[in-house]
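> one predicted model, sequence on top.
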Amino acid sequence: MTDLNHNIFWQVHRDLPREAPGSDDSTLRALSMLPALPASARILDIGCGPGAQTVALARATSGHIIAVDTHQPFLDELVHRADQAGVADRIHPLQASMFDLDFDHPFDLIWSEGAIYIIGFERGLREWRRLLKPGGLIAVTEISWLKPNLPEAARAFWDEAYPGMASVEANLTRLAAAGYRSLGHFTLPERDWWDNYYHPMAARIELLRQAYRENPEAQAALDSECAEIEVYRQYSDWYGYVFYLGQVVGT
Ligand SMILES: C[S@@+](CC[C@H](N)C(=O)[O-])C[C@H]1O[C@@H](n2cnc3c(N)ncnc32)[C@H](O)[C@@H]1O
């Protein structure tokens, strides 16, 4: 990525409600599909971003959440949101990488929305399992193929952007192979893509187009930010974000 592309990327992504498709409704629906948590549950939110789901989880549970991200401005935004919501005492931000997590005590629940793709779905499930208690729970969202016979344009875009993307069935097989019993899964509704993510992002892109109207390199960077939105607009029947819920089998 050039410096300009990097700069444009962060200008597009700064201060969005969420940094991936999702909503409080979907976060709470996933939580409701899990067994009840202990009163002081230890929860780890990996790739928390600005923390919409972290705050929703803190409000819906009485647990303590360690929220991990590499990007400090997102952690600062999370602290601000947690303060506003009155749950800052139970949210503990930590600047760390999902590739290198190590804690003194195991967790009751690992949560990760829109972020496990960074390490890879199966690798993340396998490596994070050792951070969970026996019988511990995991809830992750992963972009997944929803039906066969993909249009070539959608296949070509995602083969380049995320070659590890797999079908729901393949991901359930990977979940089992990584040592979890499935507790259910569901596809996020399309509004989870638009309301908190693509619509605010598209509005930001339009503002930046004006600001950089004399700069063809910046316009090209903005085109590439738009491309993902356009592919989803055309091919949302074929892929979506899926919440996968699991429980550690054995120890
Ligand atoms: C697509 S965003 C999702 C953020 C948030 N969960 C949400 O849904 O709004 C992915 C997040 O992973 C973070 N990230 C990227 N690489 C990371 C890493 N190696 N370890 C931890 N977090 C990382 C990014 O900074 C970003 O906040």
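That came through, no problem.
> any idea of the pLDDT on residue 221?
Residue 221 carries a pLDDT value of 89.
> what do you get for residue 251?
69.
> any idea which residue sits dead centre in this structure?
residue 114 (1.6 Å; Cα atoms, centre = their mean).
> contacts only, for it.
If you count contacts by Cβ atoms under 8 Å, 6 or more residues apart in numbering, residue 114 has them with 18, 19, 20, 21, 22, 47, 49, 141, 241. Where C-beta positions appear, they are placed from N, C-alpha and C, glycine not excepted.
> at 7 Å what do you get?
The neighbours of residue 114, taking Cβ atoms under 7 Å, 6 or more residues apart in numbering as the test, are 19, 20, 21, 22, 141, 241.
> bridged to the last one, which residues?
When you say that, I think you mean residue 241. Under DSSP bridges, the beta-bridge partners of residue 241 are residue 143.
> quick one on the thing from earlier: wait, a strand at the residue nearest to the centre of the chain?
No. Looking at residue 114 with DSSP: H, G, I helix; E, B strand; the rest coil, it is coil, so not inside a strand.
> please indicate which of the contacts of residue 114 are buried?
With burial judged by 16 or more other Cβ atoms under 10 Å, the buried subset of these is 19, 20, 21, 22, 141, 241.
> just give me the closest of these to residue 81.
residue 19 (12.7 Å; Cβ to Cβ).
> please, which helix or strand holds the closest one?
According to DSSP states H and E, residue 19 maps onto no helix or strand at all.
> and it, how far is that from residue 244?
In this view, residue 19 and residue 244 are 19 Å apart by Cβ to Cβ, to the nearest Å.
> stretch 136-146 near the ligand anywhere?
No. Stretch 136-146 is not in contact with the ligand by Cβ under 6 Å from any ligand atom; minimum separation 7.7 Å.
> in the longest helix along the chain, which residues are buried?
Among the segments of the chain that qualify as a helix by DSSP state H, the longest is helix 216-235. With burial defined by 16+ other Cβ under 10 Å, the residues of helix 216-235 counted as buried are 218, 221, 222, 225, 226, 229, 231, 232, 235.
> near the ligand, which of those residues show up?
Of the buried residues of helix 216-235, not one also sits near the ligand (Cβ under 6 Å from any ligand atom).
> just the residues you listed now: which is nearest residue 43?
Nearest member of the buried residues of helix 216-235 to residue 43, counting by Cβ to Cβ, is residue 232, at 29.8 Å.
> does the closest one touch residue 193 like I think?
Yes. Taking contacts as Cβ atoms under 7 Å, residue 232 lies within contact range of residue 193: 6.2 Å.
> circling back: got the contact list for the longest helix of the chain?
Residues outside helix 216-235 that contact it (Cβ under 7 Å, 6+ apart): 4-5, 8, 12, 151, 154, 157, 193, 198, 201-202, 205, 208-209, 212.
> run the last query once more with 8 Å
Applying Cβ under 8 Å, 6+ apart, the contact partners of helix 216-235 are 2, 4-5, 8-9, 12, 150-151, 153-154, 157-158, 161, 193, 198, 201-202, 205, 208-209, 212-213.
> contact partners for residue 190?
By Cβ under 8 Å, 6+ apart, residue 190 lies in contact with 236, 240.
> in stretch 196-208, which residues are buried?
Of all the residues in stretch 196-208, those buried under the rule 16+ other Cβ under 10 Å are 196, 197, 198, 200, 201, 202, 204, 205, 208.
> who in the chain is up against the ligand?
So far as Cβ under 6 Å from any ligand atom goes, the chain lies against the ligand at 18-20, 22, 47-49, 52-53, 68-71, 74, 97-99, 113-115, 118.
> helices along the stretch 151-251 of the chain, start to end?
152-161, 168-177, 190-193, 199-211, 216-235 (DSSP state H, counting those that start in this stretch).
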